[in-house]
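generate coordinates for the sequence data below:
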Amino acid sequence: MRTCVRTYLSTVLTVLLAVLIPLSAVAAWADLEIGDDDRFVAAMAPLATEPAVQKAVADRITDEVMTQIDVGPIQEGVRGLLHEAVLSFATTEAFQNAWNTATRAAHTAVVQVLTSGRGNDVTIDLAPITQRVKKQLMDDSVPYAGRIPVRRDEIIVLQANGLGVWRDVAQGLRAAGTWPAVATVALTGLAVLLAVRRRRALTGIGLAYAAGGALLAVTLAVARGTVLQDLPNDGDRSAAAAMYDALTASLRTTAWSVVAAGLVLAVAAWLTGRPRRPPPTPPRRTPVPAGAGTPGRP
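Alright, predicted model coming up:
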């Protein structure tokens, strides 16, 4: 009876691990990466070299400038010249620094929207970038650069009303912090200790880890579609998609790493638990009686 109870409890804990693994990963991510200002900026920093982000910024700044000038038949030519100049600036270190400043300012809004249930849409304010662009273009004597307006202009990267249940999940998991990860490790050890057949339990735990990692990867893909579906199909959506991918990059890496580690554990436990075949028994030779000669000889 005790053996049956131990086996049942070990099985229940193993199944629970498949659910707890993605929850613990998201909780740690929300607390350690999204909740930390420097890590948030570090995750967003590579986007300064992302073509979709550069184009979205260049389009928005160019549109703002063209509302301030009217040069008649060469309007489109001036627009193209200015757009190319802004795109060229986007490859400089000054643009990277301005982008980091803008994303740092957006961090508070991200935390409020994802984890507090308050706040409006998350936006990236282009004013710091526009200021740097204007100075650089004026230094390069680009026509009409002095007429670039420096004012708050935003790219929407996350709509608060489109998050739905995802915001509630993020809010609860951030409050949990790293405790779900600690619980995952504890339950893994407990499932092994309770198991009657340890190797079989390790195989099940490996499969549970792999299933949990796969569940996390699927959840990230579904959430991506939900977050982006309400954004207009323009540069804002492309930039928002790049930002979502950058922010969740560590989660995707964690998901596939857990899948790989779980499969390795399951296969290793299964292989070590296979019964070994005994070596083949050599055929028994019939002993020849002493003094017996070769047949046919006297």
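
could you pull up the mean pLDDT of stretch 21-39?
When pLDDT is averaged along stretch 21-39, the result is 85.

and the strands in the stretch 51-200 of the chain, which stretches?
122-125, 154-158 (DSSP state E, counting those that start in this stretch).

which secondary structure elements does the shortest one contact?
The criterion is 3 or more C-beta pairs under 8 Å, 6 or more residues apart in numbering; DSSP states H and E, and the helices and strands that strand 122-125 contacts are helix 93-111, strand 154-158. All C-beta spots, glycine's among them, are computed from the backbone N, C-alpha and C.

okay, the ones you listed, which one's buried deepest?
Per residue and on average, the most neighbours among the helices and strands packed on strand 122-125 fall to strand 154-158, with a mean of 21 (mean count of other C-beta atoms under 10 Å).

which residues pair with I156 across the strands?
T123 (DSSP bridges).

from D125, how far out is it?
The spacing between I156 and D125, counted by C-beta to C-beta, to the nearest Å, is 11 Å.

cool, R151 as well?
10 Å.

next one: V185
Separation of V185 from D125 (C-beta to C-beta) stands at 41 Å.

between the two, who's got more neighbours?
Each of V185 and D125 has its neighbours counted (other C-beta atoms under 10 Å); D125 has more, 18 against 10.

and the helices in the stretch 51-200 of the chain?
Under the criterion DSSP state H, counting those that start in this stretch, helices of the stretch 51-200 of the chain are mapped to 51-66, 75-89, 93-111, 127-139, 165-176, 179-194, 198-228.

quick one, which of the helices and strands packed on strand 122-125 gets closest to A239.
strand 154-158 (5.5 Å; C-beta to C-beta).

what's the model's confidence in the closest one, averaged?
The pLDDT scores in strand 154-158 average 72.

repeat for stretch 111-121
63.

start at 21, not 1
Renumbered: residue one is now 21, and that last one reads stretch 131-141.

low-confidence regions, the stretch 171-318 of the chain specifically.
177-188, 190-192, 194, 250-256, 293-318 (pLDDT under 70).

repeat that for 90
The model of the stretch 171-318 of the chain has pLDDT under 90 over residues 171-203, 205, 207-221, 239, 242-268, 270, 289-318.
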